Structure formats: C-alpha cells, structure tokens
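Whatever this is, show me its structure:
(chains A, B, C, D, E and F)
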6 protein chains.
Amino acid sequence: MKISARNTLKGTVKHVKEGAVNSEITIQLAEGDEITSIITQASSKALDLKIGKPVVAVIKASNVMVAVED
Amino acid sequence: MKISARNTLKGTVKHVKEGAVNSEITIQLAEGDEITSIITQASSKALDLKIGKPVVAVIKASNVMVAVED
Amino acid sequence: MKISARNTLKGTVKHVKEGAVNSEITIQLAEGDEITSIITQASSKALDLKIGKPVVAVIKASNVMVAVED
Amino acid sequence: MKISARNTLKGTVKHVKEGAVNSEITIQLAEGDEITSIITQASSKALDLKIGKPVVAVIKASNVMVAVED
Amino acid sequence: MKISARNTLKGTVKHVKEGAVNSEITIQLAEGDEITSIITQASSKALDLKIGKPVVAVIKASNVMVAVED
Amino acid sequence: MKISARNTLKGTVKHVKEGAVNSEITIQLAEGDEITSIITQASSKALDLKIGKPVVAVIKASNVMVAVED
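The predicted structure follows:
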C-alpha cells in the first residue's frame, strides 16, 4: 500500500507506554532524534510494537508546523 | 515560548511552493531526510521562509502514525 | 506496509480538483457515501489519482469526531 | 448547526472503551464497515454514547489520506 | 446536531480568502481575538460564508496545544 | 521561537486531569470562554502545568472548523 502522507522517517521502537485507550510510542530515528507518537493501544497491539522493532513514523504534511528561532 | 508539541526536527528550508491560501515548505533535515509541511501562505510570509533559512519542524505526537513493513 | 491508522474505507476516485499546493479528492465508497480528502497536489500526482482508480481512504482514529442528532 | 467538515458517515455505537481521559468509540456503519473514534471521555458522557445509539462519524477533509495498492 | 468537539468559540466572519481548493476564513471573536480557519472552498460556499456572518469556530481538543512563556 | 500556527489564545490553567498517557488541560480564557486541550502527560509535566498558571492555547488553522446556526 502506498499512502498520500508525505513524511516517513525510519527508526526503531525505543519505548512503549500503554494506557487504557492510547499508547505512547517513542521511536529512535537512525540519526539520533526521537519521535513520539500517540496511537490507540489496539493499534499498538495489532502492529506488535516492541522495543527494538523497526518502524516508520508517518506524518501527513498538513500536520507539520514550521518554527523559527526569534 | 515552550510548546507541548513533542516532536521537533531541525533543518533548513529547501523549497517554498506558494498557493493562494497555503504554502508547501520542504525542509531538509540535517540527517538527509526531507520533511514536507503545509502551512498558510500568510504564515510562510510572516516567518519569512526562504531557501536556506534554519527552521524547526514541529509535530504534535497525536499526529504521528506508526507503520511496519509487512 | 501496515499502518497504525485504524480506519480504512475502500472506494474509487470520483473527482480530482487540483490547486497550486493541494488537491481535493472525492472518493465514491462502495456503499454510496462519498468521502472528500485534501492531500498535496504532489501526492495526488505521485499516486497517479484519476477518475475510476480504486483507492482507500485512511483516517487516524483521533481525527474522527462523533455527533448525535438533537 | 451546520459544520464545515465535509465527511459524515451514519452508524450506531458498537462499543465504548473508556480511559481516564479519552474514550474509544467503535461505530458500526450501515454498510458493514466499522469506524473507530477517539474522543474525550467527557464528550462521550456528554453525548451519552451507549451501544446501539445512532451516531454520525464526522471527519474534516484535511484529515483524510488516500492510499493505493502497490 | 451535537458534536463531540469540545471547543466552540463564537464570532463573525471578518475575511474570506479563496483559493482553488481551500479557503481561509478569519473569524473575529466577540472578545477581540481573531481565529483563522482553513476549510475547503466548497465548504465555504456551502455555508455561504460572508463578511459579518455569525459563525462558530469548532476545534477538537486533541488539536489544541499548550505553550508557556519561557 | 516563532511558530507557523496561526491561532494563539491566552488564558490560565483551570484544571488538569491526568491519564496514563494523555492529560486533559482546561484553559480559562481571559474573556470567559474555556478551551480544552489533550496533550501527553509527559508534556503536561514538562511544562509544569498547574491550576492558575498562565498559558497559551495554540491551534493550527487547518484544525479549525467553521459552523453556522441552521
């Protein structure tokens, strides 16, 4: 499946924090940055997300803001 | 100003494509990846976004999805 | 690729309206409903979206609201 | 009230999973598909969402992605 | 129709800027602040948005960030 | 830091409701309205959000819908 979302960043799962409804997934990018994602706990289970698993962070372009230093 | 959005990725503006209402900003990250952002044209002007300008891509964690290879 | 987004609805492209930056894609679902999507014009081209092409509308659960009749 | 969000899909509540802050609402669409929504637990209570209640899933067009099979 | 989105702010349309696909709506809130909204041009037409028209800005809680001064 | 998000509304924290993953922040605006925000619990802690603290609600324009009375 090829998706319209423009941004994909490769990494590995660094941490999974589970709530009753949502889970917080911390992704270690290859280059050193970390990305935090909130997805449903059900999705986290369906994708079998565990520490060390290779994943891709996917972000729709309209959800990316731009900031500049003052 | 310190913001709740969890994800910040540093880069420089690689391209600005202006529409009547929105602008598409392509950001070259330090590590080689590119990030595409859609913001209003008015924001692009207010931030004076131009090729080569250092910027930060800012993304709320609830807008990050996770994908795994089949 | 398997993605965390929980909602996928199958249909075919009914209409593509292109702007300078974004495109509006109207998707005819199998069951009669229509779904409208705004993606970048670049994504629309990359996916080669044309009338009649089978596609899937993908929606993250946190972007779905619920309404009830008064 | 008439809202700008372009996408409305009718269904009935199939399941409500409550967390401390958010609730996950599973909506059975008339045509067989299911839609999952994450809203605040407070909204779920304010709307009195219960199994079998008729509801409408509401989605802003800019939150709909498009995917195609490879 | 009663919707799960938690935030509603009343105002009047101050400006409409139309693009090919999206429109930018500037809303003057009663209390002096302005809110800017990007919706599809088709929604803007369907709601007949014009300067001076009373409207409500509607925002899902998961789309609100929080910032503090340094 | 100057951010592309167009909408900023000043207020003070009225209530913090913590879940395992997310927190719900109720913000009292100067003018009487309230804004509800869902951010990660980690962000809430990092910003040290407490009742009475001055904060700014930040909202990307593409996440604002417009409604009109019937």
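
Now the element after the host helix or strand of residue A:26, going C-ward?
Residue A:26 is part of strand A:22-29 when elements are defined by DSSP states H and E. Next in sequence after strand A:22-29, counting helices and strands by DSSP H and E, comes strand A:34-40.

And chain E, is that next one touching that?
No. Using C-beta under 8 Å from any C-beta of the partner chain, strand A:34-40 stays clear of chain E, with a minimum separation of 8.6 Å. For glycine as for every other residue, the C-beta is placed from the backbone atoms N, C-alpha and C.

looking at it, residue A:11 is touching residue A:29, isn't it?
Yes. Contact between residue A:11 and residue A:29 holds when scored by C-beta atoms under 8 Å: they sit 4.2 Å apart.

Common neighbours of the two, please.
When contacts are counted by C-beta atoms under 8 Å, 6 or more residues apart in numbering or on different chains, residue A:11 and residue A:29 are jointly contacted by A:35, A:57.

which of the residues in the helix or strand harbouring residue A:45 are buried?
Using DSSP H and E, the secondary-structure element containing residue A:45 is helix A:41-46. For helix A:41-46, the buried set under the neighbour-count rule, 16 or more other C-beta atoms under 10 Å in any protein chain shown, comprises A:41, A:42, A:43, A:44.

Closest one of these to chain C?
Nearest to chain C among the buried residues of helix A:41-46: residue A:43, at 4.0 Å, using C-beta to the nearest C-beta.

Return the residues in contact with the closest one.
When the contact criterion is C-beta under 8 Å, 6+ apart, the partners of residue A:43 are A:23, B:66, C:4, C:5, C:6, C:61.

Count the residues that sit near the third one.
Same thing as residue C:4. Neighbourhood size, residue C:4 [other C-beta atoms under 10 Å in any protein chain shown]: 26.

Show the pLDDT at it.
On the pLDDT scale, residue C:4 is placed at 96.

Surely it is in contact with residue A:45?
No. Residue C:4 lies out of contact with residue A:45 (C-beta under 8 Å); the separation is 10.5 Å.

Can you pull out the low-pLDDT segments for chain A?
Low-confidence segments of chain A, defined by pLDDT under 70, are absent.

What is the longest strand of it by residue count?
Identified as the longest strand of chain A according to DSSP state E is strand A:7-18.

Walk me through which strands that one pairs with, and which way each runs.
When pairing is defined by DSSP bridges, strand A:7-18 lines up against strand A:22-29 (antiparallel), strand A:54-59 (antiparallel).

which of those is buried the deepest?
Across the strands paired with strand A:7-18, averaging neighbours per residue (mean count of other C-beta atoms under 10 Å in any protein chain shown) puts strand A:22-29 on top, at a mean of 23.

so how far is it off the chain centroid?
5 Å (C-alpha atoms, centre = their mean, to the nearest Å).

Quick check: the residue of chain A nearest chain B.
Closest approach of chain A to chain B (C-beta to the nearest C-beta) occurs at residue A:31, with a separation of 3.2 Å.

Please name the nearest non-neighbouring residue to that residue.
The shortest distance from residue A:31 to any residue that is not its chain neighbour, by C-beta to C-beta, 6 or more residues apart in numbering or on different chains, is 3.2 Å, and that residue is residue B:31.

just checking, that neighbour touches residue A:11?
No. Under the criterion of C-beta under 8 Å, residue B:31 lies out of contact with residue A:11, with a separation of 11.1 Å.

Identify the contacts common to those two.
Shared contacts of residue B:31 and residue A:11, counting by C-beta under 8 Å, 6+ apart, come down to A:29, A:30.

Neighbour count: the two, which is higher?
For residue B:31 versus residue A:11, the count of surrounding residues by other C-beta under 10 Å is larger for residue A:11: 20 against 14.

For that one, give me its contacts.
With contacts defined as C-beta under 8 Å, 6+ apart, residue A:11 is in contact with A:27, A:28, A:29, A:30, A:35, A:54, A:55, A:56, A:57.

That one and residue B:61, how far apart?
In this structure, residue A:11 and residue B:61 are separated by 14 Å, where distance is defined by C-beta to C-beta, to the nearest Å.

Also residue A:42?
Here residue A:42 is placed at a distance of 17 Å from residue B:61 (C-beta to C-beta).

for residue A:16, same thing?
Residue A:16 sits 13 Å away from residue B:61, taking C-beta to C-beta as the criterion.

Who is residue A:56 paired with across the strands?
With DSSP bridges as the criterion, residue A:56 is bridged to residue A:10, residue B:67.

Surely it touches residue A:13?
No. Taking contacts as C-beta under 8 Å, residue A:56 lies outside contact range of residue A:13: 11.1 Å.

Much appreciated, bye for now.
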